[in-house]
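Trainee: got a predicted structure here, sequence first:
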Amino acid sequence: MHLYHLGLDKHECRKPRPLKTKASRTNKIILSEIILSILVTVEAHLKSYFTLTTIATILAFSPALLAQDFETAKLANWHQWRGPTANGVSRVADPPLTWDEQTNVKWKATIPGEGSSTPIIWDENVFVLSAIVTDRKPVTATVPSEGAIPKPPSTIVEFVVSNLDRATGNVKWKKIVNEEAPHEGRHKSTTYAAASPTTDGKLLYASFGSHGVYCLTFAGEIVWHRDLGNMRTRRGWGEAVSPVEHDGHLVVNWDQEDQSKIFVLDSATGQIKWEDERDEPTTWATPLVVEHQGKTQLITNGTNKLRSYNLETGKLIWQSRGTTLNAIPSPVLDGTNVICMAGYRGNSAISISLDSTGQTNPDRLNWQFNRDTPYVPSPLLVDGRIFFTKANQAILNCLDAKTGEPIYELTRLPNLKNMYASPVATKDRIYFASREGVTLVIENGPKFKVLATNKIAEGIDASPAISGNQLFLRSKTSLYCLEESTVVE
């Protein structure tokens, strides 16, 4: 791979300086949520004059309105895997309740190649990753890793970052950031573009794992590229961990069958701030970054251990027992507690306090739940309730996030069969998308109530994204932008 570094001036990469106090930042976020909620209601009555996107853009860039910074701007967008607060929730969004191939489809765009990553939304930009298997042969044939089951393709793959116009679905630009023959295959149910991109509102970050980590401008120019080497994943099943950006730090987890590591890069330059070796087999869980009592904690799910690192220094803050083999679900935050879970060849959900230090023994955990936990889908945490599926099945559990006590268990999601996509929610609704292309919408509440069942032509493995009055669904070949009152002629 080639190392690109275009020498972007450090001032161009500088992020808005965060507010100094936790209280002021919290009050600001709450205020922005209230304002955005009001504007959602106003927008419903003024659709001929304004759109929520326009309002959100004004709110995001007008210092006179709110002295806006990234922490508040992100609430109106979907800037990363699992959304504004990394729990699958957008409280200010109001996407449609119902749709099909002809109804409430604002646009449908074909995405060449393969991809199971979630698109991210920032203002008028929809960023999508994909991988295109070509018929071109590499100079040197690839040799499969020892123990790998799927074989790598014998041809070159193009690794692509695209930016679609949010209003039309037209491609603003498409950038092939790398093209090479992969050293490993991938599981038949995944793709070479399974990790979702992220943004800090100024630059775009994308990880294709062994095929490079990239920083691009919103115009599609590569700012830097970091080659972290080749991963050897369990049975050659592929890579899918999304990067996480926080205040100038870009986190890339690198759990594999050789020496696992975690990397924290400088978001502006791609240089490694710190790295640490991890005693972990392959995991596919995207880390969680949270601020707590003056420290920024970087939390990772794992088979052997759950860990919290100091984001600035890399020092281990606490660790506890791990979840299960093939840890995939991302951690979620409930107040001052973090919840991790996994469900392959075992069942484990654990709640642990952010106040923990050192080795946390099982008797010091908040709660544990050891049945019917998810394999691929990540949990959804909203309004003090945590929702998750049994393995990849359309069977739903809902627990009290504080206590771990069931609110309801093993509830069948009608008309759904298998699920890889993680659920998403607004303040009123929860959306579950299936591999058969059916999306079930239920009420966001303590009782299970179906509101709608919707179907598109292809299956869905990528998790949905929601922003403003739109819902984005990525199928096997297309990206749908769904919006109320749109009829395809």
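Mentor: Structure received.
Trainee: show me the contacts for the residue positioned nearest the centre of the chain.
Mentor: Taking C-alpha atoms, centre = their mean, the centroid of the chain lies closest to residue 81, which sits 1.2 Å from it. By C-beta atoms under 8 Å, 6 or more residues apart in numbering, residue 81 lies in contact with 117-118, 120, 195-196, 198, 242, 244, 286, 330, 463. For every residue, glycine as well, the C-beta is placed using N, CA and C.
Trainee: cutoff 7 Å now
Mentor: 118, 196, 198, 242, 286 (C-beta atoms under 7 Å, 6 or more residues apart in numbering).
Trainee: closest to residue 443 out of those?
Mentor: residue 118 (23.6 Å; C-beta to C-beta).
Trainee: could you check how far the closest one is from residue 269?
Mentor: Distance of residue 118 to residue 269, given as C-beta to C-beta, to the nearest Å: 26 Å.
Trainee: neighbour count winner among those two?
Mentor: residue 118 (29 against 18; other C-beta atoms under 10 Å).
Trainee: name the element that one belongs to?
Mentor: Using DSSP states H and E, residue 118 sits within no helix or strand.
Trainee: switch to numbering from 21
Mentor: Let's use 21 as the start, then, which means that last one is residue 138.
Trainee: hang on, it packs against residue 215?
Mentor: No. Using C-beta atoms under 7 Å, residue 138 makes no contact with residue 215, being 9.4 Å away.
Trainee: in the stretch 121-270 of the chain, which spans are strands?
Mentor: 123-130, 140-142, 145-153, 177-185, 191-200, 218-219, 224-227, 233-236, 242-246, 264-266, 269-274 (DSSP state E, counting those that start in this stretch).
Trainee: residue 427: which of those is closest?
Mentor: strand 264-266 (29.4 Å).
Trainee: average pLDDT for that closest one?
Mentor: Averaged over strand 264-266, pLDDT sits at 98.
Trainee: and for stretch 352-372?
Mentor: Model confidence over stretch 352-372, given as mean pLDDT, is 98.
Trainee: residues making contact with that stretch?
Mentor: With contacts defined as C-beta under 7 Å, 6+ apart, stretch 352-372 is touched by 107, 308, 310, 312, 319, 321, 326, 340, 343-349, 351, 373-375, 380, 385-395, 399, 401, 406, 408, 411, 421-422, 424.
Trainee: quick one, which of the strands of the stretch 121-270 of the chain gets closest to residue 457.
Mentor: strand 123-130 (13.0 Å).
Trainee: pick out the least confidently modelled helix or strand of the chain, by mean pLDDT.
Mentor: Least confident helix or strand, the chain: helix 30-33 with a mean of 34, by mean pLDDT, DSSP states H and E.
Trainee: how about residue 387: what's its closest non-neighbour residue?
Mentor: residue 424 (3.2 Å; C-beta to C-beta, 6 or more residues apart in numbering).
Trainee: thought the one you found was touching residue 391?
Mentor: No. Counting by C-beta under 7 Å, residue 424 does not reach residue 391; the two are 11.4 Å apart.
Trainee: doesn't residue 328 lie inside a helix?
Mentor: No. Counting by DSSP: H, G, I helix; E, B strand; the rest coil, residue 328 is not part of a helix but strand.
Trainee: which residues are in contact with it?
Mentor: Going by C-beta under 7 Å, 6+ apart, residue 328 touches 317-319, 337-338.
Trainee: let's have those in JSON lines, adding neighbour count.
Mentor: Below are these laid out as JSON lines (neighbours: other C-beta atoms under 10 Å):
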{"residue": "317", "neighbour count": "22"}
{"residue": "318", "neighbour count": "24"}
{"residue": "319", "neighbour count": "24"}
{"residue": "337", "neighbour count": "20"}
{"residue": "338", "neighbour count": "21"}
